[in-house]
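[1] I'll drop the sequence and a predicted model, then ask my questions.
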Amino acid sequence: RKEVEQDPGPFNVPEGATVAFNCTYSNSASQSFFWYRQDCRKEPKLLMSVYSSGNEDGRFTAQLNRASQYISLLIRDSKLSDSATYLCVVNSGGYQKVTFGIGTKLQVIP
Amino acid sequence: GAVVSQHPSRVICKSGTSVKIECRSLDFQATTMFWYRQFPKQSLMLMATSNEGSKATYEQGVEKDKFLINHASLTLSTLTVTSAHPEDSSFYICSAGLPGGQETQYFGPGTRLLVL
C-alpha cells in the first residue's frame, strides 16, 4: 500500500461547481498534513495546512479524519484559475520530511 | 513566504556528462534541504535529505555515488548528477523548511534535465 494515496483524476468540473478530493495515508503516526497545488511544469506551492479541527481559507476547506486516516479538500465556487494538480502531503516521521501523493488533477471548464 | 531559488532551470546534456544543480534559500537559513525527482505523471519522490555540514541522507534505491549532494553553507545545497544517462532525465526540485522545525516546505522552481 502506498504511503499516500490519491485519485489522479482528472476531475472535470464546470465553473462555479463544488468539488472535493480525498487522500488516504498509511502511517498512523503522521502528525502534519498539507495540500499543495502544482501547476503544469511548475514547482508545488503550499495551498493550506490541514488541522485536526478542520480549517477554511476562502473557498477552500480542509478536513482531517485521523480515525480513518484520510484528509479532504473542498473547493467551492470553482474558478478557471483553480485548474491544477492538488497534491496531498503527509509528514513521514522524519524531521521536516514529508511524502507526496501522486496528485489529483482538476480541470475547471468554462 | 520564504524564497528558494534553483539554477539552472533547464539543462540539456550529452550522456556521460555531469550536471550540477544549485539550490539556494534566499531569505532564510536552511540547515536541512531536500532533493526530489518527479517523472511525468508521477508524484514527487524524495531522493535525499541534505544536511548542512554533514553527509546527506539518501532514500532507499538512490545511488549516493551517482547523485552527489553538498550542503556547504546554510543557504546553498548542490546536487550533481554524475555520468548522466537518458533515464536520469527528469524534473529535479529542491525544498527547504524554515528553521525551528516547521514542516511547511518551500520549493525551488525546479530544474528540467534532459540527457540525450
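    Structure received.
[2] can I assume A:E5 is in contact with A:G101?
    Yes: counting by CB atoms under 8 Å, A:E5 touches A:G101, with 6.4 Å between them. Yep, even glycine has a C-beta here, placed from its N, CA and C like the rest.
[3] Same drill for those two, tell me which one is more crowded.
    Using other CB atoms under 10 Å in any protein chain shown as the criterion, A:E5 and A:G101 rank with A:G101 on top: 27 against 16.
[4] Local confidence estimate at that one?
    Per-residue pLDDT puts A:G101 at 94.
[5] Return the helix or strand in the chain with minimum mean pLDDT.
    If you meant another chain, say so; for now it's chain A. Within chain A, no helix or strand scores below strand A:98-100, which has a mean of 89 by mean pLDDT, DSSP states H and E.
[6] Chain B was what I was after
    For chain B, counting by mean pLDDT, DSSP H and E, that's strand B:105-107 with a mean of 86.
[7] coming back round to it: joint contacts of A:E5 and A:G101?
    A:C23 (CB atoms under 8 Å, 6 or more residues apart in numbering or on different chains).
[8] and the least confident helix or strand of chain A, what does it pack onto?
    strand A:84-91 (3 or more CB pairs under 8 Å, 6 or more residues apart in numbering or on different chains; DSSP states H and E).
[9] can you list the residues that contact the strand it packs on?
    Contacts of strand A:84-91 (CB under 8 Å, 6+ apart): A:3-4, A:6, A:21, A:23, A:25, A:27, A:30-40, A:44, A:47, A:71, A:73, A:97-101, A:103-106, B:43-44, B:103, B:105.
[10] rerun at 6 Å
    For strand A:84-91, the external contacting residues (CB atoms under 6 Å, 6 or more residues apart in numbering or on different chains) are A:4, A:6, A:21, A:23, A:25, A:30-34, A:36-39, A:44, A:98-101, A:103-105, B:103.
[11] Okay, buried residues for that strand please.
    With burial defined by 16 or more other CB atoms under 10 Å in any protein chain shown, the residues of strand A:84-91 counted as buried are A:A84, A:T85, A:Y86, A:L87, A:C88, A:V89, A:V90, A:N91.
[12] Please compute how far it lies from its chain's middle.
    How far strand A:84-91 lies from its chain's middle: 5 Å, per CA atoms, centre = their mean, to the nearest Å.
[13] Direction included, what does it pair against?
    strand A:33-38 (antiparallel), strand A:98-100 (antiparallel), strand A:104-109 (antiparallel) (DSSP bridges).
[14] and A:R66, what pLDDT?
    Reading off the model, A:R66 has pLDDT 92.
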